[in-house]
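Peer 1: One predicted model, sequence on top.
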There are 2 protein chains.
Amino acid sequence: MAKELTSRSENYSQWYIDLVNKADLAETSAVRGCMVIKPYGYAIWEKMQHELDRMFKETGHQNAYFPLFIPKSFLSKEASHVEGFAKECAVVTHYRLKTDATGKGVIVDPEAKLEEELIVRPTSETIIWNTYKNWIHSYRDLPILCNQWANVVRWEMRTRLFLRTAEFLWQEGHTAHATKEEALEEAMKMLNVYADFAENFMAIPVVKGVKSANERFAGAVETFCIEALMQDGKALQAGTSHFLGQNFAKAFDVKFINKENKEELVWATSWGVSTRLMGALIMTHSDDNGLVLPPNLAPYQVVIVPIYKDMTQLAAINEKADNIIAALRKRGISVKYDNADNKKPGWKFAEYELKGVPVRLAMGARDLENGTVEVARRDTLTKETVSVENIDAYVEELLKEIQKNIFQKALDYRASVTREVNSYEEFKVEIEKGGFLLCHWDGTPETEEKIKNETKATIRCIPLEGDKTPGKCMVTGKPSAQRVVFARAY
Amino acid sequence: MAKELTSRSENYSQWYIDLVNKADLAETSAVRGCMVIKPYGYAIWEKMQHELDRMFKETGHQNAYFPLFIPKSFLSKEASHVEGFAKECAVVTHYRLKTDATGKGVIVDPEAKLEEELIVRPTSETIIWNTYKNWIHSYRDLPILCNQWANVVRWEMRTRLFLRTAEFLWQEGHTAHATKEEALEEAMKMLNVYADFAENFMAIPVVKGVKSANERFAGAVETFCIEALMQDGKALQAGTSHFLGQNFAKAFDVKFINKENKEELVWATSWGVSTRLMGALIMTHSDDNGLVLPPNLAPYQVVIVPIYKDMTQLAAINEKADNIIAALRKRGISVKYDNADNKKPGWKFAEYELKGVPVRLAMGARDLENGTVEVARRDTLTKETVSVENIDAYVEELLKEIQKNIFQKALDYRASVTREVNSYEEFKVEIEKGGFLLCHWDGTPETEEKIKNETKATIRCIPLEGDKTPGKCMVTGKPSAQRVVFARAY
């Protein structure tokens, strides 16, 4: 088979690259660090967008659109924000090309230099808060609950398809509130939306937590996150929700008259998930045969492949398939019928396995005679022959079962590699095996930094739920309020 | 009323700016030429996207995503393409900022200069055809039917919200075909999709035609377009579909092995519509009271306003309104119920008029007694009192009637200002009055240029349908194959 993948055990990283390429999800482009998202990959991203957008709107948010460019001076207004993003900015300095005098093509026209350089947005807090300044005057103008779907650019030096690219697609919510409590509540609400989406659509179990100061978003007072665990034992931050306090309101002088007729600074949140989620989706569920997609996000949930010797047989199968397709669609199930004549069934089976289609139905002459159909599950790679009667109800149940099963599988895997570690010696041994290590930490950036430098592990988050028993830091022996999650991460 | 607009007769251009701002559609940003699309404006754009995306998918297209940046050398590969876009390019030259040694903020790090400058895409033919090169080997790989929803940047010197902005949102379809006939058929198919969308969703009548050489897309063999007419008598190009021949295949060396096992260059099309359509929508239907939205694109089609003296009355109206809302939603009609207590009904009436909500229902105490509701149409500004029984069916019909009526109104207006003109003397007089002038033209760029310089009128298109009688050019007297459409344009 031409499209064989490197196995995970052989080389996990190469397996990922092979899979992203061969399942037609994305590819590198001619532009350093930028990717091309191919139609099949984009169709999965569209499903994600669709569900998230619905969830945002159901929680009262509206979409808007803000400029791609940020004046350099805006980025500088919030000190820790510019500190965090300055090193990876694409900078527009000119606005015109002209023909080279030597006739060899085009050059940048030196006369078309911008007075102030523009940064291609790495995130939009600054341009948005500069806009909100004009929108907010009184408590009656609050809250503002905006989201935008956009591309952003961070000039990463080491890139990897979906996981870390110079340009990526994302959504960024930016909200403005009259009180601290309301802003904190919003940040938490969106964290819960993300966790709900990750677990119920992506079938990825996540730990909800708060970031340590070292891992906080540049400009945030508090960063909440959902952390997932990949099959190779490495963690992946799947979404963040920031409580920004009044930092950006201060930087852009955004004040409002409160109910007591006094002027106050506005409170803020921002929250985002990106095409990075595609990487999380791939690495959580897929196997050596290819993608495994959760039915809730698969571009098509079912593929039907006819198996025939001649056109008469095909015609008979087509007729039967048409009925099945109609019945499935009536239940809201998306189906692809692949009766293309230029590929063999075996090739098709391998192709749809590679592409992670949750359920495959195959029908041959004998099935026609017996009133049966062969049903194959992508998640377990098992097959069974079932009656064609009520196949639509059967498939509907099966899709639910698959959605549940791959979540449970990921949950079991995570449980199997999550353990408490009580000494730094043990930690150094255990971290090599991957997984989530639950350890006591004294809460200082210095200790976290030491651990990171010596073991490449970071604090993924301080969990919001679960065991809150205090203890002693595994490194310094100082008091620890609760165990935190350590891991090596993407 | 605080939100009064300049009237159209007083100052059409100021009326447009007032309307875009006061109806919360968009505003200028701190970045030269870039706009902020506000939530209400974006909601209309989302409705447009939704319908167009459905139409693209129904005609076999898939979405994908290609890089924001284009290497400068790519843009240069197709001679007329770079000629067309070089003068309005945002150019990225650096990829890092650093702290100024004087401590006064951040500066561009001179050491982080890109080897090759990157252009922020003004359109994506070059980066996409460079990608297609790797996707296309044999006729079996064809056709490729991709679309992308994206932002693009063209450094326009004179900008205007929605109509001409440095950054705008659009979709760009890029297709690859094995034969010239198939590519031409595709270009025409998408022109028809655009015309269908303009007329049946936007309620804007359009003329389908082909552009003269002067007005052709940079790099196209033939540009097809839909041309609309605004209320001030100026034309607006609402969408274009280009037959690109083999120009980009040649520039990027994209060949395929055909069925006869011979190598051939691939045939191409591209087609796009943008947020400019928002401008067309506003200028076609709106009046001195504000926006008039076609029901098929209105973020909410119906608004219900209660009129009450006390909370007991409000409670009774709320109960009745709930039933109406449920019945309307069941019919797929979107409704907003505005029972906010901090605004008076009169303020609300003016606000929803300004925002173009097609149907307004008002209910007061007397309506409760009589079992009636007041129905106001935005398009005609008429009101009537109807029975609350079957109000849902009534409104459903009314929305269809409004959609039809505003299209007919625009069609009638266009007919009233479209006329045949047979001499250049007459032309110079008539062009001052606006509208579409149907004239004979000798087919040369020189004559078109002369007319443009002397009258500011351009050939909007050579119509594909209608009268094809030959004649003599109004300027040179030379033979003309058919009348073409002249107008001043946005």
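Peer 2: The structure has been received and is ready for your questions.
Peer 1: List the contacts of A:E215.
Peer 2: A:T223, A:T458, A:I459 (C-beta atoms under 8 Å, 6 or more residues apart in numbering or on different chains). C-beta: built from backbone N, CA, C; applies to glycine.
Peer 1: Which strand or helix spans the last one?
Peer 2: Under the criterion DSSP states H and E, the helix or strand holding A:I459 is strand A:458-463.
Peer 1: lowest-pLDDT helix or strand in chain A?
Peer 2: Every helix and strand in chain A was compared by mean pLDDT, DSSP states H and E; the lowest is helix A:79-85, with a mean of 88.
Peer 1: Packing partners of that helix?
Peer 2: Packing contacts for helix A:79-85, counted by 3 or more C-beta pairs under 8 Å, 6 or more residues apart in numbering or on different chains; DSSP states H and E, involve helix A:72-75, helix A:247-252.
Peer 1: before we move on, the earlier item: following element in sequence after the strand holding A:I459, please.
Peer 2: Next along the chain from strand A:458-463, counting by DSSP H and E, comes strand A:471-472.
Peer 1: of the helices and strands packed on helix A:79-85, which approaches B:L97 most closely?
Peer 2: Across those, B:L97 has its closest neighbour in helix A:72-75 (7.1 Å, C-beta to C-beta).
Peer 1: Now the closest one: buried residues?
Peer 2: By neighbour count on 16 or more other C-beta atoms under 10 Å in any protein chain shown, the buried set for helix A:72-75 is A:K72, A:F74, A:L75.
Peer 1: Which secondary structure element is home to the closest residue to chain B within the stretch 251-400 of chain A?
Peer 2: For the stretch 251-400 of chain A, the residue closest to chain B is A:N342, as judged by C-beta to the nearest C-beta, at 7.3 Å. Here A:N342 sits in a region with no helix or strand, counting by DSSP H and E.
Peer 1: burial count for the closest residue to it other than its chain neighbours?
Peer 2: Using C-beta to C-beta, 6 or more residues apart in numbering or on different chains and skipping residues adjacent in sequence, the residue nearest A:N342 is B:R140, 7.3 Å away. Neighbour count of B:R140, defined by other C-beta atoms under 10 Å in any protein chain shown: 11.
Peer 1: coming back round to it: ok, now how distant is the residue of the stretch 251-400 of chain A closest to chain B from A:K348?
Peer 2: 11 Å (C-beta to C-beta, to the nearest Å).
Peer 1: Looking at the two now, which is surrounded by more residues?
Peer 2: Comparing A:N342 with A:K348 by other C-beta under 10 Å, the one with more neighbours is A:K348, at 19 against 6.
Peer 1: from memory that one sits against A:N339, does it?
Peer 2: No - if you go by C-beta atoms under 8 Å, A:K348 and A:N339 don't touch, sitting 9.7 Å apart.
Peer 1: So which residue is dead centre in chain A?
Peer 2: The C-alpha lying nearest the average C-alpha coordinate of chain A belongs to A:L277 (C-alpha atoms, centre = their mean; 1.6 Å).
Peer 1: Got phi/psi on that residue?
Peer 2: Phi and psi for A:L277, reported as degrees, to the nearest 10, are phi -60, psi -30.
Peer 1: got a list of what it touches?
Peer 2: Shown in contact with A:L277 (C-beta under 8 Å, 6+ apart): A:M48, A:M202, A:A238, A:G239.
Peer 1: ranges for the helices of chain A?
Peer 2: For chain A, the helices defined by DSSP state H cover A:12-22, A:39-58, A:72-75, A:79-85, A:125-135, A:180-200, A:247-252, A:276-285, A:311-330, A:345-354, A:365-370, A:391-416, A:424-430, A:445-455.
Peer 1: so how far is the fourth one from its chain's centroid?
Peer 2: Spelled out, that is helix A:79-85. Distance of helix A:79-85 from its chain centroid, counting by C-alpha atoms, centre = their mean, to the nearest Å, is 24 Å.
Peer 1: Can you mark which positions in it are buried?
Peer 2: Buried residues in helix A:79-85, defined by neighbour count with 16+ other C-beta under 10 Å: A:H81, A:V82, A:G84, A:F85.
Peer 1: what does the second one give?
Peer 2: For helix A:39-58, the neighbour count (16+ other C-beta under 10 Å) marks A:39-48, A:51-53, A:55-56 as buried.
Peer 1: Which single one of these is nearest to chain B?
Peer 2: For the buried residues of helix A:39-58, the nearest to chain B is A:P39 (3.8 Å; C-beta to the nearest C-beta).
Peer 1: number of nearby residues for the nearest residue to the closest one once chain neighbours are set aside?
Peer 2: Computed as C-beta to C-beta, 6+ apart, the closest residue to A:P39 that is not its neighbour in sequence is B:Q62, at 3.8 Å. Using other C-beta under 10 Å, B:Q62 has 18 neighbouring residues.
Peer 1: Contact distance from chain B - what residues of the stretch 201-350 of chain A qualify?
Peer 2: Neighbours of chain B within the stretch 201-350 of chain A, by C-beta under 8 Å from any C-beta of the partner chain: A:N342.
Peer 1: coming back round to it: if we compare the helices of chain A, which one ends up closest to B:F256?
Peer 2: Per C-beta to C-beta, nearest to B:F256 of those: helix A:39-58, 18.6 Å.
Peer 1: If we go by neighbour counts, what in stretch A:171-180 is buried?
Peer 2: Neighbour-count burial for stretch A:171-180 [16+ other C-beta under 10 Å]: A:Q171, A:E172, A:G173, A:H174, A:T175, A:A176, A:H177, A:A178.
Peer 1: can you list these in TSV and add pLDDT and distance to A:F436?
Peer 2: Formatted as TSV, the buried residues of stretch A:171-180 follow (pLDDT from 0 to 100; distance: C-beta to C-beta, whole Å):
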residue	pLDDT	distance to A:F436
A:Q171	98	27
A:E172	98	28
A:G173	98	27
A:H174	98	31
A:T175	98	31
A:A176	98	35
A:H177	98	33
A:A178	98	38
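Peer 1: List phi and psi for the residue nearest to A:I333 when sequence neighbours are not counted.
Peer 2: Spatial nearest neighbour of A:I333, excluding adjacent residues (C-beta to C-beta, 6+ apart): A:Q301 at 5.4 Å. As for A:Q301, its main-chain torsions (degrees, to the nearest 10) stand at phi -90, psi -30.
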